[in-house]
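Visitor: Here is the input, now give the coordinates:
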Amino acid sequence: MTTAIVSFRVPAEIRDSVKPVLEANGITISELCQNVLTYVAETGKLPIKRVFVSDEDEELIRIARERLLEPGAIRVRLEDL
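Guide: As a prediction, the model looks like this:
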């Protein structure tokens, strides 16, 4: 298999903050990039999702999580639906 060089720019702060995390996991930046590109090539999907949540949705998610921790009966009037 022939190889190609892929280069990209990233702020130095990001590179510097990522290095210790990768080193702790025994992987280099180059290996991470190779793994990500291989995953995309094999699956046709991105390994991450960017999710944008509005403040209102974030509040609803918080309420739902709280209620899931303490499930119980909830009184609801038909007019409230």
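
Visitor: ok, now how distant is the residue positioned nearest the centre of the chain from Val36?
Guide: Closest residue to the average C-alpha location of the chain: Ile48 at 5.0 Å, with CA atoms, centre = their mean. Using CB to CB, to the nearest Å, Ile48 is found at 9 Å from Val36. In short, each C-beta sits where N, CA and C put it, glycine included.

Visitor: do Pro11 as well
Guide: Distance from Pro11 to Val36, counting by CB to CB: 18 Å.

Visitor: More neighbours: which of these two?
Guide: A direct count of neighbours by other CB atoms under 10 Å for Pro11 and Val36 places Val36 higher, at 13 against 8.

Visitor: tell me which element the more buried one falls in.
Guide: Here Val36 sits within helix 29-43, counting by DSSP states H and E.

Visitor: What are the buried residues along that helix?
Guide: For helix 29-43, burial by neighbour count (16 or more other CB atoms under 10 Å) applies to no residue.

Visitor: Distance from the chain centre to it, please.
Guide: Relative to the chain's own centre, helix 29-43 is displaced by 16 Å; criterion: CA atoms, centre = their mean, to the nearest Å.

Visitor: Likewise for stretch 63-78?
Guide: 28 Å.

Visitor: In contact with the residue lying closest to Val18 once chain neighbours are set aside, which residues?
Guide: Closest residue to Val18 apart from its sequence neighbours, by CB to CB, 6 or more residues apart in numbering: Ile29 at 6.9 Å. By CB atoms under 8 Å, 6 or more residues apart in numbering, the residues touching Ile29 are Arg15, Val18, Lys19, Leu22.
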